[in-house]
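A.B. asks: structure for this input, please:
(chains A, B, C and D)
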Number of protein chains: 2
Amino acid sequence: MNASAAVAPVENVTLWERVYAHLREQILSNALSPGTVLSEVPLAVSLGVSRGPVREAIGRLAAEGLVTVRPRRSAIVSTLSQEEFLQAYQVREALETLAIRLAVPNLSDEDLDRIDDIVTRQAEAVERDDIARFFALNSEFHQLFVDQSHNAPLQDMYRQLIGHMGRYLMRSLALRGTVRRSIAEHRAIARACRTRDPERAERLLRNHIRVPQRRLEAANNEEVLLKR
Amino acid sequence: MNASAAVAPVENVTLWERVYAHLREQILSNALSPGTVLSEVPLAVSLGVSRGPVREAIGRLAAEGLVTVRPRRSAIVSTLSQEEFLQAYQVREALETLAIRLAVPNLSDEDLDRIDDIVTRQAEAVERDDIARFFALNSEFHQLFVDQSHNAPLQDMYRQLIGHMGRYLMRSLALRGTVRRSIAEHRAIARACRTRDPERAERLLRNHIRVPQRRLEAANNEEVLLKR
DNA sequence: GGATCGCAAACTGTTGACAACAGACATTTG
DNA sequence: CAAATGTCTGTTGTCAACAGTTTGCGATCC
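C.D. replies: Numbering: from 1, shown residues only, chains lettered A, B, ... in the order given. Next up, the predicted model:
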């Protein structure tokens, strides 16, 4: 018997874990838009389980900040105000710059190739006007550095933060203006990684993240922001 | 009729919230040391409640990372390895430097006085060899900037991170060597705040946080670390 | 004597039920 | 007609019970 012990966790996930994953997916993909009420009973019957697992799942989502529960009242999918979103961007900048600083020394040649590959595919996606694809690759690009930072607490925090921001990132990307500039910045960051220059990479990434941040601030000040 | 409506919301906490607060308190104060098993039934009977609230509370703690649950098996209080603790320190540096940069422009005169007061009381605590008090004031000092950053996502993340690190901070403080130096650094940071110099404050704080971090690394390399 | 198999106990995951509470609607009263 | 009050429904908070699984111990076999 070969020693392929726990390669696939055997689908041994408990019920509430599946409910949690399902709801998280729905929320992050905006299938459940902010403000949606999550009543336990309807959810339970629609998912074919009891209230217990649903309750547990909602509890986890609440701990993560994705839903807010008012005692004795239904939970609702959290809303992030314009201001909070901007604040989250500041935290993201801090976390990602730390991540890339830690990651650059750890990057293997395969990682470097993968980074280039992602950017190349991003350019292709833009050519095809495939915004969703571009968006996914963008997340992948940023996630790579967090993964390669080999810093578990950082990874946890980043996951949580992206959970908060993810639903609104599409908008900020629209605000970003030229995606071409974004790709150029990605290329510059990739070059800095190849030359093993953490400080340059960090500086480039910081400016890169600040672009939509500044646009958000400007929109905020002009009060012509996308209300809602 | 004056509008003194809801000054005190009548202590409307649910049961599981109290259990959660209790367990969190116990864990952070090290009354429940890492590795302790948290079985639902004994906890429930000892607290005089049913398994439901206990389960919910443990779930929240698990989402926060303070306990780890293995499916079908009891939850145990999380352990932070030396390496993870060091990594958490890196994240803390990133978050706190962001916090102080944001906070300095927001600091009122009262805040500045309060900072000085904290440092003064720290010096007094050291005179009296009251380490616990010094430690509490130290947390207060750092927390103040996070609070005054007026950045809700940052506050959430910091709270969570401190929850992880808090139990081990006493040790790192011991590692820190001279607490006198720590107080001097606090004083320097306070001065930078008074002169409204965010960059200087940030630089000072970064170096301040890196002191125990470097000592940890050194101890780690020498392998003479305080094992467990 | 040591290892393996089997059984029993304890614990968790899940379910269903009961009671308390918040909000809405209808009713009554000034 | 408006404001306050009472009822009523829907939902959550909590509890007790059931089923499945893991663990530890003991008996048995080699």
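
A.B. asks: quick one: low-confidence ranges for chain A?
C.D. replies: When the per-residue scores of chain A are filtered using pLDDT under 70, the ranges that remain are A:1-12, A:171-177, A:220-228.

A.B. asks: how about the nearest residue to the closest residue to chain B within it, chain neighbours excluded?
C.D. replies: Here the residue of chain A nearest chain B is residue A:63; by CB to the nearest CB that distance is 3.6 Å. (C-beta placed from N, C-alpha, C; glycine too.) Using CB to CB, 6 or more residues apart in numbering or on different chains and skipping the chain neighbours, the partner closest in space to residue A:63 is residue B:63 (3.6 Å).

A.B. asks: run through the helices of chain A in chain order.
C.D. replies: Chain-ordered helices for chain A, with DSSP state H as the definition, fall at A:15-28, A:40-47, A:51-64, A:82-103, A:109-127, A:131-148, A:152-175, A:179-194, A:198-222.

A.B. asks: now do the longest one against helix A:131-148, angle only.
C.D. replies: In other words, helix A:198-222. Orientation check (axes from the mean of the first three to the mean of the last three CA atoms, to 10 degrees): helix A:198-222 against helix A:131-148 gives 130 degrees.

A.B. asks: helix A:198-222 to helix A:152-175, inter-axis angle?
C.D. replies: Orientation check (the same axes, to 10 degrees): helix A:198-222 against helix A:152-175 gives 50 degrees.

A.B. asks: any residue of helix A:198-222 touching chain B?
C.D. replies: No: when contact is scored as CB under 8 Å from any CB of the partner chain, no part of helix A:198-222 falls within range of chain B; the minimum is 11.1 Å.

A.B. asks: so what does that helix touch, helix or strand wise?
C.D. replies: In this structure, helix A:198-222 packs against helix A:82-103, helix A:152-175, helix A:179-194, with contacts taken as 3 or more CB pairs under 8 Å, 6 or more residues apart in numbering or on different chains; DSSP states H and E.

A.B. asks: identify the residues contacting the closest residue to residue A:155 other than its chain neighbours.
C.D. replies: By the measure of CB to CB, 6+ apart, the closest residue to residue A:155 outside its immediate chain neighbours is residue A:146, 5.8 Å from it. By CB atoms under 8 Å, 6 or more residues apart in numbering or on different chains, the contact list for residue A:146 reads A:95-96, A:99, A:103, A:154-155, A:158.

A.B. asks: give me that answer again for 10 Å
C.D. replies: For residue A:146, the contact set (CB atoms under 10 Å, 6 or more residues apart in numbering or on different chains) comprises A:95-96, A:98-100, A:102-103, A:154-155, A:157-159, A:162.

A.B. asks: compare those and tell me which is most surrounded.
C.D. replies: Going through those with other CB atoms under 10 Å in any protein chain shown as the criterion, the one with the most neighbours is residue A:99, at 28 neighbours.

A.B. asks: would you mind measuring from the closest residue to residue A:114 other than its chain neighbours to residue A:169?
C.D. replies: Among residues not flanking residue A:114 along the chain, residue A:144 sits closest, at 6.9 Å (CB to CB, 6+ apart). Using CB to CB, to the nearest Å, one gets 16 Å for the distance from residue A:144 to residue A:169.

A.B. asks: can you put the helices of chain A in JSON lines and add distance to residue B:18?
C.D. replies: Compiled in JSON lines, the helices of chain A are given as follows (distance: least, CB to CB, whole Å):
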{"stretch": "helix A:15-28", "distance to residue B:18": "22"}
{"stretch": "helix A:40-47", "distance to residue B:18": "21"}
{"stretch": "helix A:51-64", "distance to residue B:18": "15"}
{"stretch": "helix A:82-103", "distance to residue B:18": "28"}
{"stretch": "helix A:109-127", "distance to residue B:18": "47"}
{"stretch": "helix A:131-148", "distance to residue B:18": "36"}
{"stretch": "helix A:152-175", "distance to residue B:18": "25"}
{"stretch": "helix A:179-194", "distance to residue B:18": "48"}
{"stretch": "helix A:198-222", "distance to residue B:18": "40"}
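
A.B. asks: distance to DNA strand C added to those helices, as TSV?
C.D. replies: Formatted as TSV, the entries for those read as follows, by distance: least, CB to the nearest atom of the strand, whole Å:
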stretch	distance to DNA strand C
helix A:15-28	3
helix A:40-47	7
helix A:51-64	2
helix A:82-103	23
helix A:109-127	36
helix A:131-148	28
helix A:152-175	20
helix A:179-194	41
helix A:198-222	31
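
A.B. asks: out of these, nearest to DNA strand D?
C.D. replies: Minimum separation from DNA strand D across the helices of chain A (CB to the nearest atom of the strand) falls at helix A:40-47, 3.7 Å.

A.B. asks: and residue A:183, what is it in contact with?
C.D. replies: If a contact means CB under 10 Å, 6+ apart, then residue A:183 has A:119-120, A:122-123, A:125-126, A:134, A:137-138, A:141 as its contacts.

A.B. asks: go again with 6 Å.
C.D. replies: With CB atoms under 6 Å, 6 or more residues apart in numbering or on different chains as the criterion, the residues that contact residue A:183 are A:122-123.

A.B. asks: how much space between it and residue A:15?
C.D. replies: Taking CB to CB, one finds residue A:183 at 43 Å from residue A:15.

A.B. asks: would you map out the domains in chain A?
C.D. replies: Using automatic domain parsing, the domain ranges for chain A come out as A:15-77, A:82-222.

A.B. asks: can you redo these as TSV with distance to DNA strand D?
C.D. replies: Below are the domains of chain A laid out as TSV (distance: least, CB to the nearest atom of the strand, whole Å):
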stretch	distance to DNA strand D
domain A:15-77	4
domain A:82-222	21
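
A.B. asks: please identify which of those is closest to residue B:26.
C.D. replies: Taking CB to CB as the criterion, residue B:26 comes closest to domain A:15-77 out of the domains of chain A, the separation being 18.2 Å.

A.B. asks: could you count how many residues lie near residue A:29?
C.D. replies: The burial count assigned to residue A:29 is 10, neighbours taken as other CB under 10 Å.

A.B. asks: actually residue A:195, not the one I typed
C.D. replies: The burial metric for residue A:195, expressed as a neighbour count using other CB under 10 Å, is 9.
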